[in-house]
Every structure is written in structure tokens, then in C-alpha cells.
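> this one's sequence-less:
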């Protein structure tokens, strides 16, 4: 039986969301950071989180604090018996004129049963949804950096399988 991790798209998450949460362009309060919600669907399984802390509000460059995504401080959860954790604090840059955002690196570990697989993806481009601060992924491929020989060497996410919302 070949193991196919379904958390792979979570990398896009770390920051990903398609929950359809209404958002405002900026967090309240002078100098307040933003919150980020995310979701990704891979092989029919969904991983989500809400209320992660970001260091700034878009369109300023920012980083997302993984400790506010990963449990116990965050609420990242996945279906299909998967647990996942983000290994880095992803950095986002924004190009409002083009309606895009880019993440530098997403480094993610997923576990299912006794198997653990770690993947990285670089330079994910996200397209803004209208005038909101919801961003939807463009296609990307994450590469395995460690884990069981049963873990696939890479996984791909099609456009729209992940999204993030800054609020």
C-alpha cells in the first residue's frame, strides 16, 4: 500500500484559507498586526486554522507566527487522521498593483499513523480575490526534505486548492 500524505497542501497553508471569511483590509488599531486564517484541500482532506498572528498588515511585508498556527498555541487541524505542523514563520510580500502576494518558504511536517513526511515549497504566488485580503494559490510543487521512504518525493497543488485571508 502506497502512503500518500494529504497534508502536503498544508504548506500552502501555513497559511492557506478558503473558508470564505469576510475580511477587512487592515486589522484594527494603530500599528496592530493582522490575523491570518488558512485552508488547503489535498486528496479530499482539508487542513485549516484561524487567528494566526502576522507581524504587520498587508500590503506591508510580514511574517506569520507559526506558534499561533501549530497546536497548542494555534488551532491547526486536518481531516483524514493527519496532524501537521509548520516548521518556519513564512514571510509574505505584496504587490497591490498586480494583486498578488508571494511567500518565501513554507516548511511543513505531516504525520499520519507512524509515518512522518517533511516538505518545503518556495516562492508560492497568491492571487488576490478582488479588493479583499483573501489570496488564492497559483499551482505549486513541494519537495520532500525528510521522512519515510513511503512518503512521495513531492506533491503538487493545483490553483485554488489553498488560500489565506488576512484580517
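Nice, I can see it. Computed from a predicted model, the values in this text were never measured in an experiment.
> any stretches of the protein with poor pLDDT?
1-32, 42-43 (pLDDT under 70).
> now do 80
1-33, 41-44 (pLDDT under 80).
> looking at it, residue 157 is touching residue 137, isn't it?
Yes - Residue 157 lies in contact with residue 137 (C-beta atoms under 8 Å); the separation is 6.2 Å. C-beta coordinates here come from the backbone N, C-alpha and C atoms, glycine included.
> who has more neighbours out of these two?
More crowded of residue 157 and residue 137, by other C-beta atoms under 10 Å: residue 137, with 28 against 25.
> just give the nearest non-adjacent residue to the more buried one, would you?
In space, and not counting its chain neighbours, residue 137 is closest to residue 162: 4.3 Å by C-beta to C-beta, 6 or more residues apart in numbering.
> how far away is the one you found from residue 149?
27 Å (C-beta to C-beta, to the nearest Å).
> of those two, which one has the most company?
Under the criterion of other C-beta under 10 Å, the comparison of residue 162 against residue 149 puts residue 162 first, with 31 against 7.
> quickly list what the more buried one is bridged to.
Under DSSP bridges, the beta-bridge partners of residue 162 are residue 40.
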